[in-house]
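Peer 1: generate a structure from the sequence data that follows.
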Amino acid sequence: MQTTLLTHCSISGIGLHSGKPVRLRLKPAAAGTGIVFRRVDVEAGARDIPVRPDLWVEASLCTVLQNEHGARVTTIEHLMAALHGCGVHNVIVEIDAEEVPILDGSAAPFVRKIMAAGIATLAVPLTVLRMRKTIEVEKDGARAQLGPAPRLELAFEIDFADPAIGHQRQQFDMSNGAFLREVSDCRTFCMRRDVERMQAMGLALGGTLDNAVVFHDGKVLSPGGLRRADEPVRHKLLDAMGDLYVAGLPILGRYEGYRAGHALTGRLLQAVFADPTAYERVTVTATQRNHLPGTGISMADLPLSA
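Peer 2: Numbering: from 1, shown residues only. Coordinates of the predicted model:
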C-alpha cells in the first residue's frame, strides 16, 4: 500500500551553497500525488516541481530539479534519501527558497522529523519499478549501473588520494530499516581546499565543520571526527538512495557506483527511462513490500550518533 505522513512537520536550517535561512514544511498528500516540491516564494502558477527524472537538471555538486516555468529546487538528495528510507511515497514539500537546508550534512535530522510526524498507510496499491536488465553509464573513469534484483541493493566504491579516506567499498540490502541503521547519519564530506575554492566562487557559503566532514592532509578537521570509519563511502550510498528516488517510485534493483556523483546517477536514471525494455512497473506483492525501505522501521533504528 502507498504511504504518506500522518501530520505535517516543519524543518528550518541554512542552505549549504547560499548560506541563507530556509524553511520546509512537509505535508500529508493523497495517494498518487508522489513527492512534490512547492516553492511558496514564487508565483502560484509556477510553484510545483514534481519529483520526476525528466525534470532532473545536471549539476555536479548536488541534485537539482527544474519545472517548465524555470522554478528550481536544489540540494534535495538528503531529504529524498530520508523519504525513501522511511518509505514515504506521497508528500508535499513546501519550501520558501531554492535550496533545501543542509542541517548536519546527513539525512538523520530529516528522518527524525518524518518519524515524529508519523507515517500513514493509504488503501491504494503501491507500484514499483522493477529492473529487467542492467543499464550502465560512464564518464571520466566513473561508473554507475542499475540492474535486476529482488529488492533494493546499493553498492559503492570510492578512491581518494587523501589517506584519511583512501579506498573504501560498502554495500547494503536496504530492507528492514538498513538505511536508518547503517547510512542515515553519515555526513557529506570534502577536502578543505575544495571548500576554499567553492567559497571563492560564491558557493558553499553555508558550509561549516558542523555540517560536513572536512579532510586535510590525512586529518579529519571536523569536531568529534568520523561517526563511522567508512563514513565517506556510506554517505555516497546515502546520496545514491536520494538520487534514485527521483525515479518517482521505489525501485527493485541493484545499484553499483564507482566514483560516481549526482550527475552520473541522474544520467543513469534518464538512460533507464529511455529504454522501455530495461524495466517494468509492477504492483508489489506482500512479500516484495516487506523488502522495501521503510517497512518495519522505528526510532530505535536511528544510530545514537544521529
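Peer 1: any idea how far residue 255 is from the closest residue to residue 173 other than its chain neighbours?
Peer 2: Nearest non-adjacent residue to residue 173, counting by C-beta to C-beta, 6 or more residues apart in numbering: residue 153, 5.3 Å away. All C-beta spots, glycine's among them, are computed from the backbone N, C-alpha and C. Distance, residue 153 to residue 255, using C-beta to C-beta, to the nearest Å: 7 Å.
Peer 1: which of the two has more residues huddled nearby?
Peer 2: Neighbour totals were compared for residue 153 and residue 255, and residue 255 leads with 26 against 19 (other C-beta atoms under 10 Å).
Peer 1: in terms of secondary structure, what does the helix or strand where that one lies contact?
Peer 2: Take DSSP states H and E as the rule and residue 255 turns out to sit in strand 251-258. Using 3 or more C-beta pairs under 8 Å, 6 or more residues apart in numbering; DSSP states H and E, the elements in contact with strand 251-258 are strand 127-131, strand 142-147, strand 152-159, helix 231-244, helix 262-273.
Peer 1: and with 7 Å instead?
Peer 2: Helices and strands touching strand 251-258, by 3 or more C-beta pairs under 7 Å, 6 or more residues apart in numbering; DSSP states H and E, are strand 127-131, strand 142-147, strand 152-159, helix 231-244.
Peer 1: and these as a markdown table, adding mean pLDDT?
Peer 2: A markdown table is the format used below for these (pLDDT from 0 to 100):
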| stretch | mean pLDDT |
| --- | --- |
| strand 127-131 | 97 |
| strand 142-147 | 98 |
| strand 152-159 | 97 |
| helix 231-244 | 98 |
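Peer 1: so which of those is the most packed in?
Peer 2: helix 231-244 (a mean of 26; mean count of other C-beta atoms under 10 Å).
Peer 1: off-centre distance for that one?
Peer 2: Offset of helix 231-244 from its chain centre (C-alpha atoms, centre = their mean, to the nearest Å): 7 Å.
Peer 1: helices or strands next to that helix in the packing?
Peer 2: helix 77-86, strand 152-159, strand 167-173, strand 251-258, helix 262-273.
Peer 1: neighbouring strands - and their directions - for the fourth one?
Peer 2: The reference is to strand 251-258. Using DSSP bridges, the strands paired with strand 251-258 are strand 127-131 (parallel), strand 142-147 (antiparallel), strand 152-159 (parallel).
Peer 1: what sits up against it?
Peer 2: Residues from elsewhere that reach strand 251-258, judged by C-beta atoms under 7 Å, 6 or more residues apart in numbering: 128-131, 142-157, 236, 240, 244, 288.
Peer 1: quick one, phi psi at residue 164?
Peer 2: Here is the backbone geometry of residue 164 (degrees, to the nearest 10): phi -70, psi -20.
Peer 1: ok, now which ones touch it?
Peer 2: Residue 164 touches 215, 218-220, counting by C-beta under 7 Å, 6+ apart.
Peer 1: now do residue 108 against residue 191, distance only.
Peer 2: 23 Å.
Peer 1: the more surrounded of those two?
Peer 2: Neighbours per residue (other C-beta under 10 Å) separate residue 108 from residue 191, with residue 108 holding more: 25 against 18.
Peer 1: the more buried one reaches residue 299, doesn't it?
Peer 2: No - in this structure, residue 108 is not within contact of residue 299 by C-beta atoms under 7 Å, at 11.2 Å.
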